[in-house]
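Visitor: Next come a sequence and a model predicted from it.
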Amino acid sequence: MKKKTNDGTSVNSPLLRRPIQRMFFVFLLPTFIAFCIGFVYPFLQGMYLSFCSFTTISSAKFIGIGNYIKALEDATFTHAFWFTALFAVISVVLINVLAFLVAYLLTLKIKGANLFRTAFFMPNLIGGIVLGYIWSMIFNGILSKYQTSILMETKYGFWGLMILMLWQQIGYMMIIYIAGLQSVPEELIEAARIDGANRWQTLIHVTIPNVMSSITICMFLSLTNGFKLFDQNLALTAGQPFIFQDDGSQIKTTEMLALNIYNTFYGQSSAARGTGQAKAVIFFVLVALISVIQLRATRSKEVQQ
Amino acid sequence: MSKTRLNIITAILTVVTIIHISPIFVVLMNSFKANTYVKTHTFEFPNEQTFVGWANYLKGFTFGNYPFFQSVAYSVVITVLSTALILLCTSMAAWYIIRVNSLLCKIAYYLFVFSMVVPFQMVMFTLSKTADTLKLNTPWTIPVVYLGFGAGMATFMFTGFIKSLPLEIEEAAAIDGCGPLRTFFLIILPMLKPTLISVGILEIMWIWNDYLLPYLVLDRTLYMTIPIHIQYLQGSYGAVDLGAIMALIILSIIPVIIFYLTCQKYIIKGVAAGAVKG
């Protein structure tokens, strides 16, 4: 009996199955062992440690949900959450509008479209740390004319990070949009034109509905990228400027979630590591939730097509 | 669309593109200026007063008591070894998962998919401790960590492609007496080439630019990668030589740009494929 997948093609046969299965140690085991070392074990241990008080793993003591309560009561964490959420939402809108616009213009059969595409995509290959320092030099070059710097005000940090993200991500999303736009059948556009639709109407009623799957993918990609942002945040502002609270603790006003977790682990005293691990679990649940919603959104789109 | 309109759009795009890539040129300009002028004369061409020639580059090589070329070498070692290991191991695992399709395979597959939605911060502390205990903290052993943490996406992309391969070829090979190993390396692997390139490019882009994983896992007194090196130099506030850092940034971008311009076609395809699958 051949097993069938959804689309009716068989993926295995008894003729092949047995001999391959005997080679388990060669084919699957190496990856699986590495996967256990690099993911499964650290993940489970991390889950467990989020319920413990610890500075090193051997000193872990089970304390229940205390870490989670501490994490949610932590003003720096809630600040980082709202900062991240605001940043992610605004960046999703800006990145996608601009990337779609560029992709749309580049698919209009203009001269040198490939050259423009090459140039727009390039910043995406530069790593987050390097990007952060490139832009910190540029922003400080501008702001020093006004006797200030990017580290002086939260809004500078926020919009600085936004410009950096736009610079890095527009090219990436543009590639996905171009692929989507090129797959829209030309007859559809032509038919709409013959029926008397102008360019704008064609775009809204024909082109955009046909690239909905690209739009969904890009929206969620940019949303998770915004939420998971770390390197750029660390390199550009490292959370500065700080404001001091009444109890002497400080809030790093441009610190995002990932950096907040990192600082909880490695920044202050190592006594807060349990809280850090609890924050990491909350962060994981948030990111996973976005991914699940994305999966359902893309699935439902596929059914409609 | 009328010719004049297209020309106007082309003109606007040209201007926008020039602005878009200008930050790279600002960095290049500043890499030839003395430290004190980078902040005050950021957007001016180097002149007699500010120009220092190759001094920043020479300085950058040995800045911070750690030779820069050593970081470059470690970055290359880690990226090449990890990518090769990931491509080899996960393509084999993906073929096994699809063709054997046992309960264990299904469990492994769903674990791989699950790992794709877990952010690195979730495992960063425990992973770095585990890697330390197992002595995976050198450039020659860290590929195992990358294989472990990166297995999810790579396996997922390979399984997606292998599902679409026709069984008949492999069956014919089996009837002719070809064992699984030979079938995989002589028949499957050549057919996987487009996916190998896509996955390879995504892994290279990830590992070459990765900061936090190597920073936490590697023994930092001995080994640095390019991002760690640049962060390390900037981190020492006060004594930062901006000119030298700009020179190092240029040196670290050059290989990326060469890589991009030579493999552009594949990179753009790989990105589109990775986005749709991931």
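Guide: Yep, it's here. On a predicted model such as this, the values are computed, not experimentally measured, just so you know.

Visitor: List the contacts of the residue of the stretch 1-150 of chain B found nearest chain A.
Guide: Here the residue of the stretch 1-150 of chain B nearest chain A is B:Gly148; by CB to the nearest CB that distance is 1.7 Å. Just so you know, the C-beta spots here come from the backbone N, C-alpha and C atoms, and that holds for glycine as well. Contact analysis of B:Gly148 by CB atoms under 8 Å, 6 or more residues apart in numbering or on different chains lists A:34-39.

Visitor: how close does it sit to B:Ile142?
Guide: 10 Å (CB to CB, to the nearest Å).

Visitor: Helices along the stretch 151-300 of chain A, start to end?
Guide: A:154-182, A:186-194, A:199-202, A:208-210, A:212-228, A:231-236, A:257-266, A:273-304 (DSSP state H, counting those that start in this stretch).

Visitor: what would the ones you listed look like in TSV with distance to B:Gly53?
Guide: Listed next are those as TSV, based on distance: least, CB to CB, whole Å:
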stretch	distance to B:Gly53
helix A:154-182	29
helix A:186-194	55
helix A:199-202	53
helix A:208-210	53
helix A:212-228	39
helix A:231-236	27
helix A:257-266	38
helix A:273-304	47
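
Visitor: As TSV, these with mean pLDDT and mean neighbour count would be great.
Guide: As requested, the helices of the stretch 151-300 of chain A are exported to TSV (pLDDT from 0 to 100; neighbours: other CB atoms under 10 Å in any protein chain shown):
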stretch	mean pLDDT	mean neighbour count
helix A:154-182	90	21
helix A:186-194	85	12
helix A:199-202	84	13
helix A:208-210	85	15
helix A:212-228	87	20
helix A:231-236	90	25
helix A:257-266	89	24
helix A:273-304	81	18
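
Visitor: what about the helices in the stretch 51-200 of chain B?
Guide: Under DSSP H, counting those that start in this stretch, the stretch 51-200 of chain B gives helices at B:55-62, B:68-100, B:103-115, B:120-133, B:142-162, B:167-175, B:180-182, B:189-191, B:193-209.

Visitor: Indicate which one of those helices is closest to A:Leu257.
Guide: helix B:120-133 (8.1 Å; CB to CB).

Visitor: For that closest one, list every residue counted as buried.
Guide: By neighbour count on 16 or more other CB atoms under 10 Å in any protein chain shown, the buried set for helix B:120-133 is B:120-131.

Visitor: mind exporting it as CSV, just the C-alpha atoms?
Guide: The C-alpha trace of helix B:120-133 is given here as CSV (Å, rounded to 0.1, in the frame of the first residue of the first chain):
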residue,chain,number,x,y,z
PHE,B,120,16.3,32.8,20.2
GLN,B,121,15.8,34.6,23.6
MET,B,122,13.7,31.7,24.8
VAL,B,123,16.7,29.3,24.7
MET,B,124,19.6,31.7,24.8
PHE,B,125,20.6,31.1,28.4
THR,B,126,20.2,27.3,28.5
LEU,B,127,21.6,26.8,25.0
SER,B,128,24.8,28.7,25.8
LYS,B,129,25.2,26.7,29.0
THR,B,130,24.6,23.4,27.2
ALA,B,131,27.0,24.4,24.4
ASP,B,132,29.6,25.2,27.0
THR,B,133,29.3,21.9,28.8
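
Visitor: packing partners for it?
Guide: Using 3 or more CB pairs under 8 Å, 6 or more residues apart in numbering or on different chains; DSSP states H and E, the elements in contact with helix B:120-133 are helix A:41-49, helix A:257-266, helix A:273-304, helix B:142-162, helix B:212-217.

Visitor: wait, isn't A:Leu157 in contact with A:Thr148?
Guide: Just so we're on the same page, residue A:157 is Gly rather than Leu. No. Using CB atoms under 8 Å, A:Gly157 is not in contact with A:Thr148, being 11.9 Å away.

Visitor: Which pLDDT value does the model give the residue in chain A that chain B sits nearest to?
Guide: Across chain A, the shortest distance to chain B (CB to the nearest CB) belongs to A:Gly38, at 1.7 Å. On pLDDT, A:Gly38 comes in at 90.

Visitor: A:Gln21 too?
Guide: 80.

Visitor: ok, back up a step: got a list of what the residue of chain A closest to chain B touches?
Guide: A:Gly38 neighbours (CB under 8 Å, 6+ apart): B:127, B:144-151.

Visitor: Distance to B:Met116 and pLDDT for the residues you listed - can I get that in CSV?
Guide: Listed next are these as CSV, based on distance: CB to CB, whole Å; pLDDT from 0 to 100:
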residue, distance to B:Met116, pLDDT
B:Leu127, 16, 91
B:Val144, 19, 93
B:Val145, 17, 93
B:Tyr146, 15, 93
B:Leu147, 15, 93
B:Gly148, 13, 92
B:Phe149, 11, 91
B:Gly150, 10, 89
B:Ala151, 10, 90
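
Visitor: are any of those buried, and which?
Guide: For the contacts of A:Gly38, buried by 16+ other CB under 10 Å: B:127, B:144-151.

Visitor: what residues does stretch B:260-271 touch?
Guide: A:117-118, A:121-122, A:124-125, A:172, A:175-176, B:194, B:197-202, B:205.

Visitor: If any of these are buried, give me the ChimeraX selection for them.
Guide: Remark: buried members of the contacts of stretch B:260-271, expressed as a ChimeraX selection using 16+ other CB under 10 Å:
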select /A:117,118,121,122,124,125,172,175,176 /B:197,198,199,200,201,202,205
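
Visitor: got the buried residues for the helix or strand of chain B with the lowest mean pLDDT?
Guide: When the helices and strands of chain B are scored by mean pLDDT, DSSP states H and E, helix B:35-40 comes last with a mean of 73. Neighbour counts over helix B:35-40 (16+ other CB under 10 Å) mark B:35, B:37-39 as buried.

Visitor: Let me see the contact set for the residue nearest in space to the middle of chain B.
Guide: Among the residues of chain B, the one closest to the centroid is B:Met205, at 2.3 Å (CA atoms, centre = their mean). For B:Met205, the contact set (CB under 8 Å, 6+ apart) comprises A:125, B:267.

Visitor: coming back round to it: in a markdown table, list the contacts of A:Gly38 along with distance to A:Glu255.
Guide: Formatted as a markdown table, these follow (distance: CB to CB, whole Å):
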| residue | distance to A:Glu255 |
| --- | --- |
| B:Leu127 | 22 |
| B:Val144 | 32 |
| B:Val145 | 27 |
| B:Tyr146 | 27 |
| B:Leu147 | 32 |
| B:Gly148 | 29 |
| B:Phe149 | 24 |
| B:Gly150 | 27 |
| B:Ala151 | 31 |
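
Visitor: Just name the closest of the residues you listed to B:Phe161, please.
Guide: B:Ala151 (15.9 Å).
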